[in-house]
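**Student:** got a predicted model here, sequence first, then my questions.
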Amino acid sequence: MPIYEYVCDTCGLHFEQRRTFNAVDEPACPNGHATVHRLFRAPAVVFKGSGWYVTDSRPKESASKGES
């Protein structure tokens, strides 16, 4: 389940909550207020490795390949 970030319109509290993708109703503020809206942020993505090259996803070719 993804974690969404919300902010309360009344008190300004920022909070996170796990929600299913098909959840329709908005959560309530932890301080008891009913009016909140969801913040849209860039996803946290970490790319590891040397880069996006064809050789990054292929197995190394052995020296004996191609010899008959």
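**Tutor:** Looks like it came in fine.
**Student:** quick one: contacts for the residue nearest to Gln17 when sequence neighbours are not counted?
**Tutor:** Of all residues beyond its chain neighbours, the one nearest Gln17 is Pro27 (5.2 Å), with distances taken as Cβ to Cβ, 6 or more residues apart in numbering. Glycine gets a C-beta too; all of them are placed from N, C-alpha and C. Pro27 makes contact with 6, 17, 19, 36, according to Cβ atoms under 8 Å, 6 or more residues apart in numbering.
**Student:** may I ask which two of those residues are separated the most?
**Tutor:** Arg19 and Val36 (12.0 Å; Cβ to Cβ).
**Student:** picking that back up, need the contacts of Pro27 in CSV (columns: distance to Pro43).
**Tutor:** CSV is the format used below for these (distance: Cβ to Cβ, whole Å):
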residue, distance to Pro43
Tyr6, 16
Gln17, 16
Arg19, 15
Val36, 21
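**Student:** circling back to that earlier point, just want to know which of Arg19 and Val36 has more residues nearby.
**Tutor:** Val36 (20 against 17; other Cβ atoms under 10 Å).
**Student:** the more buried one bridge partners, please.
**Tutor:** Cys8 (DSSP bridges).
**Student:** the spatially most central residue of the chain and Glu5, how far apart?
**Tutor:** Nearest residue to the geometric centre of the chain (Cα atoms, centre = their mean): Pro43, 4.3 Å. Per Cβ to Cβ, to the nearest Å, Pro43 is found 11 Å from Glu5.
**Student:** what ranges do the helices span in the protein?
**Tutor:** 54-57 (DSSP state H).
**Student:** can you give me the strands for it?
**Tutor:** Along the chain, counting by DSSP state E, strands occupy 3-8, 14-18, 36-39.
**Student:** sorry, back to before: could I get the pLDDT score of the residue nearest to the centre of the chain?
**Tutor:** We note a pLDDT of 76 for Pro43 in this prediction.
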